[in-house]
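Asker: give me the fold of what follows.
(chains A and B)
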Amino acid sequence: MPEVFVTTSDQLPEGGRATVRAGKHEIGVIRAKGKLHAFLNLCPHQGGPVCAGLMIHKVEEIIAEDHTYQGMRFNEDVLHIVCPWHGWEFDIETGKCAGDGAVGLRRFTAVERDANVYVIV
Amino acid sequence: MHFRSSTPAYDMNIEGFHTGEHLANARAQADARGLDDVLVVDVDSHHYETDNLAEILEYIEDPALKQLAINTYAYKGATSVLVDQPGYQDGGGRVTRYMERKHEKIDLTGRPREVEQTLRWMDALSVDYACLFPTPMLFLGLHPQHEVEVGMARAYNRWLTDNVTPTCKRLKTMLYLPFNDPEATYRMVKEFGHKEGVIGFMVVSTRYKPVYDNAYMKTYALLEEMGLPLSFHASYHWNDQLVSLTNRFITAHAVGFTFFNAVHCANWVINGLPERFPKLKVIWIESGLAWVPWLMQRLDNDFRMRTSEAPSLKRLPSDYMREMYYTTQPMEMVNNMEALELTFKMINADTQLLYSSDYPHWDMDLPSTIWDLKFLSEQSKRNILGLNAKRIFNLDISDRFPAQAPAAGAMAPAK
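Answerer: The predicted structure follows:
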């Protein structure tokens, strides 16, 4: 399968992102949680440029043992990327929509070699 | 523009925001579907009048209110005269255009900045004509001083019809009515109904005035006589006694944006206003669609048991509701397409449904939300996206579709 050059490794630090066009696809490559993640830059909701969105940890409620609500916090084990058009959130590691696991982002494989980043299409 | 994330490692900076780039995927969608050859009328879109509030305040006619507003605005900003609400429409920076759009670089052309900004998103979405509404003023019906609603409504309407609508034929408006003052409401229709670009009038439904009040009858009669639609635009009121029971914006929005329109619509029907004003076109805006079958069923069921409480009705409540108009957004695109299809059937979508984007707000819908519906015929898609609006607003579309004669019926495709 063909590899498409995305950028050099030093241009993609933790939290960084780059997009590349491969044929009819625009693919976003993101370095997060120490790994590369590549997605079709198209939100399954209405087609927004999801890879341009904010990365933010999952919000969760703090529920005490007696079932009472104690507030909210970020879960730093789960990172989301958010479509900037409408706010749909996706797990950066699985690409699954946080609000509806039946839908998700189309994933690609990104590789790093000789200080360069490629995506396999 | 700096966006704070959950940790600094994921904070984000966006520089050089451009509406057209933000919506590049929308443009690609429109190209793929050939939407430039389809008439698209967006019946509900917005600008931020607060971007121009200093100019608008100069239009206030009451000298005492004007002096008060201008000086208070200088230190307090828009809430000097406008009502604000708690709320997080942008989801804490998740919907990025809220923070970015105000700083978008737009070359001056002699037309107001927001005309150019509006045209950028219209071109991206392939919208031919847009009905423009304000944004923070959607809470103004909650202002405790009715004279402030009247003063601001008149200032805004004068400013808009002086500076915005005359500069671009693609921009239309249904002007804000200061509904808390029935006499001022009537005068507004009388004075502004013939202004360029005015295609109707709009009541923000979030308020505590009943639509059946006798004080409004002469306004409804005037609108009917002038052939101008009356629309009810939803909003939310988190301090409303009922809605204040909700503790998240998602709930306040989901409930709040339907609740007031549902109450006004029920009052409209049960008081027999469709019988009193049979030619008045009434539009319900930005409540989505799922509430309509719910209300139809509730009213029909009760009406057959309590007919004497709605003696003006000659038909079932749902029959009247099926003759009203509804805008699409925010269309409930849940996983049950059968529910949506049934909703379209129940409201006679083919003739009564009007596409709306609500751009630039967070829950905006693109034209593809209609164009991609598999249960619709191509003619139905064209009707909903533009031809129904062309018919009820009597739009002259000849500047965008020269082959179309002005006001030439609704059913011919705009090719």
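
Asker: what comes up buried for the helix or strand hosting B:Val148?
Answerer: B:Val148 belongs to helix B:146-163 when elements are defined using DSSP states H and E. Of the residues in helix B:146-163, B:148-161, B:163 count as buried by neighbour count, 16 or more other C-beta atoms under 10 Å in any protein chain shown. C-beta coordinates here come from the backbone N, C-alpha and C atoms, glycine included.

Asker: dump the C-alpha coordinates for it into PDB.
Answerer: In PDB, the C-alpha atoms belonging to helix B:146-163 read as follows (Å, rounded to 0.1, in the frame of the first residue of the first chain):
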ATOM      1  CA  HIS B 146     -40.500  47.000  27.800                       C
ATOM      2  CA  GLU B 147     -39.400  50.400  26.600                       C
ATOM      3  CA  VAL B 148     -35.900  49.000  26.300                       C
ATOM      4  CA  GLU B 149     -37.100  46.200  24.000                       C
ATOM      5  CA  VAL B 150     -39.000  48.700  21.900                       C
ATOM      6  CA  GLY B 151     -36.100  51.100  21.800                       C
ATOM      7  CA  MET B 152     -33.500  48.400  20.900                       C
ATOM      8  CA  ALA B 153     -35.800  46.700  18.400                       C
ATOM      9  CA  ARG B 154     -36.400  50.000  16.500                       C
ATOM     10  CA  ALA B 155     -32.700  50.900  16.600                       C
ATOM     11  CA  TYR B 156     -31.600  47.500  15.300                       C
ATOM     12  CA  ASN B 157     -34.300  47.400  12.700                       C
ATOM     13  CA  ARG B 158     -33.500  50.900  11.400                       C
ATOM     14  CA  TRP B 159     -29.700  50.100  11.400                       C
ATOM     15  CA  LEU B 160     -30.200  46.800   9.600                       C
ATOM     16  CA  THR B 161     -32.500  48.200   6.900                       C
ATOM     17  CA  ASP B 162     -30.300  51.200   6.500                       C
ATOM     18  CA  ASN B 163     -26.900  49.500   6.300                       C
END
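
Asker: the strands in chain A, which residues?
Answerer: Using DSSP state E, the strands of chain A run over A:3-8, A:17-22, A:25-32, A:35-40, A:55-63, A:69-82, A:89-91, A:107-113, A:116-120.

Asker: buried ones in stretch B:313-332?
Answerer: B:313, B:316-318, B:320-331.

Asker: what's the mean pLDDT across stretch B:63-82?
Answerer: In this model, stretch B:63-82 has an average pLDDT of 93.

Asker: and what of stretch B:108-117?
Answerer: The predicted model gives stretch B:108-117 an average pLDDT of 89.

Asker: pull out the buried positions in that stretch.
Answerer: For stretch B:108-117, by 16+ other C-beta under 10 Å, it's B:Arg111, B:Pro112, B:Glu114, B:Val115, B:Glu116, B:Gln117.

Asker: how much space between B:Thr79 and chain A?
Answerer: Remark: distance between B:Thr79 and chain A (C-beta to the nearest C-beta, to the nearest Å) = 25 Å.

Asker: for the residue in the stretch 201-350 of chain B that chain A sits nearest to, give me its contacts.
Answerer: Residue nearest to chain A within the stretch 201-350 of chain B: B:Asn335 (7.3 Å; C-beta to the nearest C-beta). For B:Asn335, the contacting residues are A:Asp100, A:Ala102, by C-beta atoms under 8 Å, 6 or more residues apart in numbering or on different chains.

Asker: with B:Asp372 instead?
Answerer: B:Arg33.

Asker: ok, B:Arg304 next?
Answerer: For B:Arg304, the contact set (C-beta under 8 Å, 6+ apart) comprises B:Leu316.

Asker: please list the residues of chain A that sit near chain B.
Answerer: A:14-15, A:32, A:41-42, A:46-49, A:52-57, A:74, A:76, A:79, A:82, A:84-87, A:89, A:100, A:102 (C-beta under 8 Å from any C-beta of the partner chain).

Asker: mark which of the residues you listed are buried, thanks.
Answerer: With neighbours counted by 16+ other C-beta under 10 Å, the residues of chain A next to chain B contain buried members at A:15, A:32, A:41-42, A:46-49, A:52-57, A:74, A:79, A:82, A:84-87, A:89.

Asker: hang on, the earlier thing: would you mind giving the strands of chain A as JSON lines with mean pLDDT added?
Answerer: As requested, those are exported to JSON lines (pLDDT from 0 to 100):
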{"stretch": "strand A:3-8", "mean pLDDT": "96"}
{"stretch": "strand A:17-22", "mean pLDDT": "95"}
{"stretch": "strand A:25-32", "mean pLDDT": "96"}
{"stretch": "strand A:35-40", "mean pLDDT": "98"}
{"stretch": "strand A:55-63", "mean pLDDT": "98"}
{"stretch": "strand A:69-82", "mean pLDDT": "98"}
{"stretch": "strand A:89-91", "mean pLDDT": "98"}
{"stretch": "strand A:107-113", "mean pLDDT": "97"}
{"stretch": "strand A:116-120", "mean pLDDT": "97"}
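
Asker: skipping adjacent residues, who's closest to residue 61 in space?
Answerer: All of this is about chain A. A:Met72 (5.7 Å; C-beta to C-beta, 6 or more residues apart in numbering or on different chains).

Asker: my bad, chain B
Answerer: Spatial nearest neighbour of B:Glu61, chain neighbours left out: B:Arg154 (6.2 Å); criterion: C-beta to C-beta, 6+ apart.

Asker: ends of stretch B:125-133, how far apart?
Answerer: Start-to-end span of stretch B:125-133 (C-alpha to C-alpha, to the nearest Å) is 18 Å.

Asker: helices - which of the buried residues of stretch B:313-332 land there?
Answerer: If you go by DSSP state H, the buried residues of stretch B:313-332 have B:Pro317, B:Ser318, B:Tyr320, B:Met321 in helices.

Asker: the second one is in contact with B:Leu299, isn't it?
Answerer: Yep, that's B:Ser318 we're talking about. Yes: counting by C-beta atoms under 8 Å, B:Ser318 does reach B:Leu299; the two are 6.8 Å apart.

Asker: and stretch B:250-270, how far out from the chain's middle?
Answerer: Mean-position distance between stretch B:250-270 and its chain equals 15 Å (C-alpha atoms, centre = their mean, to the nearest Å).

Asker: got the contact list for it?
Answerer: Here stretch B:250-270 makes contact (C-beta under 8 Å, 6+ apart) with B:87, B:205-207, B:210-212, B:232, B:234-238, B:240, B:242-243, B:246, B:274, B:282, B:284-288, B:290-291, B:294-295, B:299, B:309-310, B:313, B:317, B:320-321, B:324, B:330.
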